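K.L.:
here is my input; please provide its structure:
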Amino acid sequence: MTIMPVDQIIRLGLPKGRMQDNVFALLEDAGIHIRSGGSSSTRDYRPKLSLPGFDAKLLKPQNIVEMLDVGSRDLGFAGADWVAEKEADLVELVDTGLDHVQLVAAAPVKLLVDGALPGQHLVIASEYERLTRDWIARANLDATFVRSYGATEVFPPEDADCIVDNSATGSTLRANGLEIVGEVMTSSTRLYAHPASLEDADKRAAIYSFVMMVGSVLDARRRVMVEVNVTADDLEAVIDVLPSMREPTISPLHGAGGFAIKSAVPRDELAQVIPRIKAQGGTDIVVSPIGNIVS
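P.N.:
Predicted coordinates:
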C-alpha cells in the first residue's frame, strides 16, 4: 500500500446501516483492519484504519455521496442509486457487487388492474425524488410525488397509492401487500472518488493502491483454488478442461509420479469443472478458498 506524505490525508467515507457489515468485512479481508476511534460513546463515527494516511468517518450512504460531491471526502462507499438520485459528479472505481438491490415501483394488489396501475391520479411516495419523478414522466402517469423519510413501504394504501423503493428480495414488499409494477434501476455498493482527488499524484497513488487491495478480495471471492494430480500422459487433457487466469501452475510430483496442477477456477464453474477433470484422468482433487488475487 502506498504511504501518504505526512501533509496529505485520504478522507474516506464508510457507510452506516445495512451496507456497513459487508464493507467492513471486505476491508478486513483486504488486510485493512478497522478499530474503534477511542471514543467512550457508543456512537463512534470515527473508526481508525490500520492504514497510514487514511481518515475514516461513518456516514449514511446518502451523505457520503453528498460529501464526495462537494469534495469534503476523497473516497467513499455508497449505493449507485444515491449517486444517480443526487446526480453526483463522481468517479466510480469499484463495483463491489455487494448489497445488490433493485429500485422498483410497487403498489397494493387491490389497486391494480390486470397487474398494472390504473389510469387515475395517483399519489407516489419515495425517498428518491428525482428518480421517481423521472419514472413518473417515462411511465406517463398522472401523479403527485410525496417525499418519504424511511419506512416507505408502510405508506400504502392510506397515504400513497404507489411507492418507489429499493428491494433486495421483494419480501418486505410482499409482507406489506405490495406488488412490483415497474423497475427504475439496479444498484449495488460501489467505491467512488471525487474527481479532484485523482488529480493529486500522491492521493491518486494511495487511492489506486486501496482499489487494488479491495479488488484483490473481490476477485478472490469469485474463484477457488483447485489442485489436482495427474500422470504425464493425462497432463495436457486435464489442462485443456481446467480454467485458469492465465496458465496453471504445474509442479512435478516426487519420484517422477506425474504432476500437480494448481489453478484459480471461477467458483460458479466448479460443478462442471470437477467432473471434467476426473473424466480426463485427474486425481486427488483439492478445492480451497483464496484470500486475495493480485494480477
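
K.L.:
and the contacts of stretch 60-78?
P.N.:
Here stretch 60-78 makes contact (CB atoms under 8 Å, 6 or more residues apart in numbering) with 10-17, 19, 23, 57, 59, 79, 82-83, 85-86, 88-90, 93, 96, 189-194, 196-197, 203, 207, 210. Placement of C-beta: from N, CA and C, glycine included.

K.L.:
so for it, mean pLDDT?
P.N.:
Computed over stretch 60-78, the mean pLDDT rounds to 96.

K.L.:
tell me what the lengthiest helix in the chain is packed against?
P.N.:
Identified as the longest helix of the chain according to DSSP state H is helix 201-221. Counting contacts by 3 or more CB pairs under 8 Å, 6 or more residues apart in numbering; DSSP states H and E, helix 201-221 packs against strand 10-15, helix 20-29, strand 91-108, strand 178-193.

K.L.:
of the ones you listed, flag the one that's most buried.
P.N.:
When you average the neighbours per residue for each of the helices and strands packed on helix 201-221 (mean count of other CB atoms under 10 Å), strand 10-15 leads with a mean of 23.

K.L.:
report the angle between it and helix 201-221.
P.N.:
Orientation of strand 10-15 against helix 201-221 (axes from the mean of the first three to the mean of the last three CA atoms, to 10 degrees) gives an angle of 40 degrees.

K.L.:
which residues sit against strand 10-15?
P.N.:
Counting by CB under 8 Å, 6+ apart, 4, 20, 23-24, 34, 47, 49, 53-61, 63-64, 67-68, 72-78, 189, 197, 203, 206-207, 210 sit against strand 10-15.

K.L.:
now with 7 Å, please.
P.N.:
Residues from elsewhere that reach strand 10-15 (CB atoms under 7 Å, 6 or more residues apart in numbering): 4, 23, 47, 53-59, 61, 64, 67-68, 72-78, 203, 206-207.

K.L.:
just the buried members of those residues?
P.N.:
By neighbour count, with 16 or more other CB atoms under 10 Å, the contacts of strand 10-15 hold 4, 23, 47, 53-54, 56-59, 61, 64, 67-68, 73-78, 203, 206-207 as buried.

K.L.:
which of those residues fall in helices?
P.N.:
Residues of the buried ones among the contacts of strand 10-15 located in helices (DSSP H): 23, 61, 64, 67, 68, 203, 206, 207.

K.L.:
which one of the residues you listed is nearest residue 263?
P.N.:
residue 23 (29.9 Å; CB to CB).

K.L.:
need the pLDDT of the residue lying farthest from the centre of the chain.
P.N.:
Centroid-distance maximum for the chain: residue 255 at 47.1 Å, with CA atoms, centre = their mean. Residue 255 carries a pLDDT value of 83.

K.L.:
on the three-state scheme, it is what?
P.N.:
Following DSSP: H, G, I helix; E, B strand; the rest coil, we place residue 255 in the helix state.

K.L.:
what of the one 10 residues further on?
P.N.:
When classified by three-state DSSP, residue 265 comes out as strand.
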